[in-house]
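Peer 1: From the sequence below, what's the structure:
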Amino acid sequence: CTSGAASLTSARTSCTDVQSLTSFVGSDVKLRGAALSMIMKHACHTFAASAGSARDYEATMEREVLNFFISHNWSVHRLMKFISLSVYFNFDIALVAAGISALILGIINASGLLRGLEIE
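Peer 2: Numbering: from 1, shown residues only. Just a heads-up that it's a prediction; the model follows:
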């Protein structure tokens with residue numbers, strides 16, 4: 001939050017109040033969350049139907065803090081949701097793995113070990 005003119009800040013809710021409202025600090029509201037691995041299981045099977053089940057609820061736990069809030073749109077196919085979440089949560093490690101793989105293959109190619117595998 002940034003501080004503005006005194007007249008504006010007195011008329012608005014303070015940053016502390018906004019943060020406490022959005023984080024449920026001091027509230028009786030219980031946050032429930034699921035592990036990302038549960039959400040991603042079976043290509044986001046959780047998003048296959050719009051109705052939640054008792055099993056879905058049991059897969060969640062009460063949490064003090066949610067690291068991520070994943071909202072979704074029912075008109076988007078769950079496979080697209082799975083791909084989007086996979087890219088978002090795995091991009092860094094995938095980029096490193098691709099770079100290391102390219103480096104290793106480049107070294108192997110430069111050493112001549114792949115010459116016997118050429119396709120004519």
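Peer 1: alpha carbons only for contacts and neighbour counts from here, please
Peer 2: Fine.
Peer 1: Do a quick rundown of the strands in the chain.
Peer 2: 31-33, 61-63 (DSSP state E).
Peer 1: Which of the ones you listed sits closest to V96?
Peer 2: Between V96 and these, the tightest spacing by Cα to Cα is seen for strand 31-33, at 29.4 Å.
Peer 1: can you tell me the average pLDDT over that closest one?
Peer 2: Taken as a whole, strand 31-33 has an average pLDDT of 84.
Peer 1: average pLDDT for the helix with the most length in the chain?
Peer 2: Ranked by residue count under DSSP state H, the longest helix found in the chain is helix 78-111. Averaged across helix 78-111, pLDDT comes to 93.
Peer 1: Run a quick neighbour tally on H77.
Peer 2: 12 (other Cα atoms under 10 Å).
Peer 1: dump the residue contacts of A94.
Peer 2: Listed by Cα atoms under 8 Å, 6 or more residues apart in numbering, the contact set of A94 is empty.
Peer 1: gap between it and N109?
Peer 2: Counting by Cα to Cα, to the nearest Å, the gap from A94 to N109 is 22 Å.
Peer 1: cool, G33 as well?
Peer 2: If you go by Cα to Cα, the gap between G33 and N109 works out to 48 Å.
Peer 1: So these two - more neighbours on which side?
Peer 2: Set G33 next to N109 and count neighbours by other Cα under 10 Å: G33 wins out with 19 against 12.
Peer 1: List the residues that contact the residue nearest to the more buried one when sequence neighbours are not counted.
Peer 2: Nearest non-adjacent residue to G33, counting by Cα to Cα, 6 or more residues apart in numbering: T60, 5.0 Å away. Neighbouring residues of T60 by Cα under 8 Å, 6+ apart: 32-35.
Peer 1: just V65 next, same as before
Peer 2: Counting by Cα under 8 Å, 6+ apart, V65 has contacts L31.
Peer 1: now swap in H72 and tell me
Peer 2: H72 neighbours (Cα under 8 Å, 6+ apart): K81.
Peer 1: pLDDT score for it?
Peer 2: 73.
Peer 1: Compute the distance between T60 and R78, please.
Peer 2: From T60 to R78 the distance is 19 Å (Cα to Cα).
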